[in-house]
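Visitor: Predicted model and sequence below, questions to follow.
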Amino acid sequence: MVQRDAGSRTVDRYLMAYEGRVIAVRRHPAVLLLPVTAVVGGLLLCGVAATAFGLMWIWWLWLLTLGYLLWKVIAWSIEFFLVTEHRVMLISGVLNRQVAMMPLAKVTDIALDRSVLGRMLGYGEFVMESAGQKQALRNVGFMPYPEQLYLEVSSVIFAAEDGSPD
């Protein structure tokens, strides 16, 4: 049983009694790049505005970007991608928890997509195809150590089809 993160024990409440956790990971911290950029950019703009125009109240606006970053960090810390021997799940949400789920039997293909930035920072996106209608778990971005995780997820998904480990 592969277990990536001690904090992932929080996902156990979403497991059925007969299934064990196989893979549980958080998204790559690169998902926080936009909020960090907003905080740094806001700091620079507020510094310029406060210095050039004497607008000291402008720092209250910068606190909004800090709040945005804090919210995104909390959301990132409790969001998990989970693969069991029966299903694939994405658990997210701070105040309202969302659990997107797809049975392994419905997964017909999984692809790994990596952008240039993803290759530099070490993340990728999983694209899962399923039998039937469009699923909520089609694209799962910012997956850490993507090649290793892709192989592990593929082995769980496609070993479940024929019952063999290969």
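Guide: Received it, and whenever you're ready, just let me know what you need.
Visitor: Residues touching the lowest-mean-pLDDT helix or strand in the chain, excluding its own?
Guide: Least confident helix or strand of the chain, by mean pLDDT, DSSP states H and E, is helix 146-162 with a mean of 84. Contacts to helix 146-162, defined as Cβ atoms under 8 Å, 6 or more residues apart in numbering, come from residues 2, 22-23, 25, 83, 85-86, 88, 104-105, 107, 110, 112, 114, 118, 122-124, 126, 143, 165-166. From N, CA and C alone the C-beta is placed, and that goes for glycine too.
Visitor: Repeat the analysis, applying 6 Å as the threshold.
Guide: Outside helix 146-162, the residues that touch it by Cβ atoms under 6 Å, 6 or more residues apart in numbering are 22-23, 83, 104, 107, 110, 112, 124, 143, 165.
Visitor: Now flag whichever of those residues is closest to L15.
Guide: V22 (10.3 Å; Cβ to Cβ).
Visitor: The host helix or strand of that closest one: partners in the sheet, and parallel or antiparallel?
Guide: When secondary structure is defined by DSSP states H and E, V22 falls within strand 21-25. When pairs are called by DSSP bridges, strand 21-25 turns out to pair with strand 80-84 (antiparallel).
Visitor: Could you list every helix and strand that whichever helix or strand comes after the partner strand packs against?
Guide: As assigned by DSSP H and E, the chain's next helix or strand after strand 80-84 is strand 87-92. Packing contacts for strand 87-92, counted by 3 or more Cβ pairs under 6 Å, 6 or more residues apart in numbering; DSSP states H and E, involve strand 80-84, strand 98-103.
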